[in-house]
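Chemist: Sequence and predicted structure are below.
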Amino acid sequence: MDWKKIPFLLLLVLFTLPARAQEKFFNVVSDTSTGSYIHLIPVSDGGFGVFYFTLNQEIRLIKFDPCGHPEWSKTYLSAHDNASLSDFIALKNGGFALLCRIHDGDLDVPLVAHLDPLGAVTWAKKYRDDVYNHYPYSLGEDSQGNLFVYENVQAGGSGSLYNAILKLNSNGKLLKTHFYNHGGIWGGAIVTSDDGLLARTGNIFIKVDKNGAVEWTSSLQLSTYYYYAPVEVADGYVFSGQITSAGVESLFKLDKQGNLVRGIEFSGGNSFPPAPLRNTSNGNILTFLHPTQAGKPFTRLVILDKNLNLVSQNVLNPSQDLLGAFDAVTGPDGYQLLTGRMLNSNKLFVAKTGPDLSLECDTTLSSFSLLPDSGSQMFISTNHTEYAFGTVNHSLPDEAGFPTDEVLCLSPKTLDLGPDTTFCANGSFTLSNLSGDPFETWYWSTGASTPSIQVQKPGDYWVIATYNCGQSLLRDTIHLDTLPVRRARLGPDTVYCNREPYELQAPLCPDCQLTWSNGSTENSILIADEGLYWLEVQNPNGCVSRDTVEVNHSRCIEDLAVPNVFSPNGDGFNDLFQITDPGVTSLQTSIFDRWGHEIYTTTDPQIKWKGEGVNEGVYFWVLRYTYINGNAGSLRGHVTLLR
């Protein structure tokens, strides 16, 4: 082949074939993170977005492809804006929404921004009056596209404290504001499956319907801190906490009516605050711990079922640096995505594990146990009032950037078409990757783009296979030659006179192995029955050819059914003088009267004489014929015509 064309073909592969997710990755991005306020969101194209605070106090969004490579970034607020990131979600329309707190005049207020799928700001609004400071925690979207902000508000610097829920439409218009009287402790909230909300303030949980009316309030007496938002499971809600003095993380479950039904704690300690809880695609719960061994923190991914039973776990260990994971979700393909920062370099990392939670850089730590934990719980009342904040449009820049990344822990792959080889000239050969390693895209010298191809001609064949979303590729080449084949030839289908057996003869090939359909291995076979007969011929190099012939019987010519009387009177019975024999390929018929005059002749093998223009009497015929087997001859006889 012309190897000068390969660079162009590589570019063709890289720029025309779509990105597809590989099994696992661990990539470090050329940007720094504080490690807090990191949110990871899967998106519909198989990639994901990460929203985070940089070390320079900038709020930044990076969009990653399915293999964890940055595609673009947007920076929205910087240190001089006095902003802090609260929450970030993917929207049902394919865009994103951002919630943060900014300093506006003498007050802190919530800012909500709507972003299109490329991160551009379509609208940004802040909600305020001249009385309350706002401390926003959570942003959610219901099934109708309405947005909900959950926060605490306080009049001035030391006035009344309330929990507040702001309901916005998809364009940011403030529809309603609800105040609840358990403010003062931070927390988080989720939109529930019934389009209501479950809000957490400390260890008090307030369940409201879609209109903000309180359904129940459950107060738990637990010895834990950290009040992150719960997650909903099929039959309840699960939330986390930590006994900070011991570094022990706990999980608790409420049923749908707010009753405490179970509590567990993880043995072995946790060097970081509790991780957010995330739902997996099959109804389980994903979280992670940060156990310490030999003074080093590690990240342990954990999946629990809805009843808080352990399903699987794995400890990650990229040897180049220690890592702290801060958010993890289940991607569209069911694999686990996680993000955080490298503890020594402060660089942002993104990773994707296999179904067993493994990367290419894992380690083993001492096992841990799930121990029972308990607490008391009671239902309390909640006062609910409505309030009105104003809405102010806000100009929010979205500065574009293009970060780079470094790939760590990438699975090595092998592309192997095998050694040069041969195949039989009458067959085909399948080319595929013999190593079994999966690749994302394939480009063959034939133009095919499938994982394997079948070829029928000798020559050089090559394939280029890509992985890592097209950023890595391998190439392999193979040369194929063909082996000669001895053709099995039995001739055309035939019809023969069945008085004697018919002989089928194999082609001359002294070194070949013959196999007939009747099991014989001789050079010829004699057959007496009609049917299909085949012969396989295998030559010394192992190539096999096969031919099939159909053999039918016919009457011998002396047995031709020639009528001796017919009556063309139109009664539909015996009206014709006719001869029908499928073995006759040509037939000339001549009919004479008693004086020897020819009164009828035809070359139609299917003769049908009606006796036109002649009287009753005896007539003489002569048949000149050729059979399908090549035999030729003639017959003579007479026929009586009756009217």
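Modeler: Received, thanks.
Chemist: From now on I want contacts and neighbour counts done on CA atoms only, so please keep to that.
Modeler: Will do.
Chemist: Show me the residue sitting in the middle of this structure in space.
Modeler: residue 333 (7.1 Å; Cα atoms, centre = their mean).
Chemist: Excluding chain neighbours, what is closest to that one?
Modeler: Excluding its sequence neighbours, the residue lying closest to residue 333 (Cα to Cα, 6 or more residues apart in numbering) is residue 46, at 7.7 Å.
Chemist: again with residue 584
Modeler: Distances taken as Cα to Cα, 6+ apart place residue 627 nearest to residue 584, at 4.6 Å, with adjacent residues excluded.
Chemist: Show the contacting residues for that neighbour.
Modeler: 583, 584, 585, 586 (Cα atoms under 8 Å, 6 or more residues apart in numbering).
Chemist: could you redo those residues as CSV and give each row distance to residue 485?
Modeler: Output for the contacts of residue 627, formatted as CSV (distance: Cα to Cα, whole Å):
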residue, distance to residue 485
583, 34
584, 36
585, 34
586, 37
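Chemist: In the stretch 301-450 of the chain, where is pLDDT below threshold?
Modeler: 318-325, 332, 360, 362-368, 409-411 (pLDDT under 70).
Chemist: what about the strands in it?
Modeler: 310-316, 323-330, 336-342, 347-352, 362-363, 370-372, 376-379, 384-387, 390-393, 399-401, 405-408, 421-424, 429-431, 441-444 (DSSP state E, counting those that start in this stretch).
Chemist: could you dump those to CSV with mean neighbour count and distance to residue 222?
Modeler: Shown next, in CSV, are those (neighbours: other Cα atoms under 10 Å; distance: least, Cα to Cα, whole Å):
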stretch, mean neighbour count, distance to residue 222
strand 310-316, 17, 22
strand 323-330, 26, 24
strand 336-342, 25, 29
strand 347-352, 25, 34
strand 362-363, 16, 33
strand 370-372, 13, 13
strand 376-379, 14, 7
strand 384-387, 13, 25
strand 390-393, 13, 38
strand 399-401, 14, 44
strand 405-408, 15, 41
strand 421-424, 16, 72
strand 429-431, 16, 64
strand 441-444, 21, 53
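Chemist: Relative to residue 290, which of those strands is closest?
Modeler: With Cα to Cα, the closest approach to residue 290 among the strands of the stretch 301-450 of the chain belongs to strand 323-330: 7.4 Å.
Chemist: tell me the mean pLDDT for the helix or strand hosting residue 263?
Modeler: Element membership for residue 263 (DSSP states H and E) is strand 260-266. Across strand 260-266, the average pLDDT comes to 90.
Chemist: And stretch 131-138, by the same measure?
Modeler: If you average the pLDDT over stretch 131-138, you get 95.
Chemist: So what touches that stretch?
Modeler: 86-87, 99-101, 107-110, 148-157, 186-190, 229.
Chemist: which residues touch residue 54?
Modeler: Going by Cα under 8 Å, 6+ apart, residue 54 touches 31, 32, 33, 34, 60.
Chemist: Apart from its neighbours in sequence, what residue is nearest residue 575?
Modeler: Residue nearest to residue 575 in three dimensions, not counting chain neighbours: residue 568, with 4.0 Å by Cα to Cα, 6+ apart.
Chemist: Check residue 355 too.
Modeler: Spatial nearest neighbour of residue 355, excluding adjacent residues (Cα to Cα, 6+ apart): residue 335 at 5.6 Å.
Chemist: wait, doesn't that neighbour sit right on residue 353?
Modeler: Yes - the pair residue 335 / residue 353 is scored as a contact, 6.1 Å apart, by Cα atoms under 8 Å.
Chemist: Quick check on the residue nearest to residue 584: phi, psi?
Modeler: With angles defined as degrees, to the nearest 10, residue 627 sits at phi -90, psi 160.
Chemist: And the pLDDT for it?
Modeler: Predicted confidence (pLDDT) for residue 627: 76.
Chemist: Could you count how many residues lie near residue 403?
Modeler: Using other Cα atoms under 10 Å, residue 403 has 14 neighbouring residues.
Chemist: How about residue 294?
Modeler: Using other Cα under 10 Å, the number of residues around residue 294 comes to 5.
Chemist: Same question for residue 124.
Modeler: By other Cα under 10 Å, the residues close to residue 124 number 21.
Chemist: what do you get for residue 277?
Modeler: For residue 277, using other Cα under 10 Å, the count is 23.
Chemist: for the one 3 residues further on, same thing?
Modeler: Applying other Cα under 10 Å, we find 22 other residues in the vicinity of residue 280.
Chemist: Spit out the contact partners of the closest residue to it other than its chain neighbours.
Modeler: Excluding its sequence neighbours, the residue lying closest to residue 280 (Cα to Cα, 6+ apart) is residue 330, at 5.3 Å. Residues counted as contacts of residue 330 (Cα under 8 Å, 6+ apart) are 42, 278, 279, 280, 281, 286, 336, 337.
Chemist: Rebuild the residues you listed as JSON lines, extending it with distance to residue 209 and secondary structure.
Modeler: Shown next, in JSON lines, are these (distance: Cα to Cα, whole Å; DSSP: H, G, I helix; E, B strand; the rest coil):
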{"residue": "42", "distance to residue 209": "27", "secondary structure": "strand"}
{"residue": "278", "distance to residue 209": "22", "secondary structure": "strand"}
{"residue": "279", "distance to residue 209": "22", "secondary structure": "strand"}
{"residue": "280", "distance to residue 209": "25", "secondary structure": "coil"}
{"residue": "281", "distance to residue 209": "25", "secondary structure": "coil"}
{"residue": "286", "distance to residue 209": "27", "secondary structure": "strand"}
{"residue": "336", "distance to residue 209": "32", "secondary structure": "strand"}
{"residue": "337", "distance to residue 209": "32", "secondary structure": "strand"}
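Chemist: With respect to residue 401, which of those is nearest?
Modeler: Nearest to residue 401 among those, counting by Cα to Cα, is residue 42 at 20.3 Å.
Chemist: ok, that closest one touching residue 333?
Modeler: No - here residue 42 lies out of contact with residue 333, judged by Cα under 8 Å, at a distance of 10.2 Å.
Chemist: quick one: residue 106 from residue 157, how far?
Modeler: Residue 106 sits 10 Å away from residue 157 when distances are taken as Cα to Cα, to the nearest Å.
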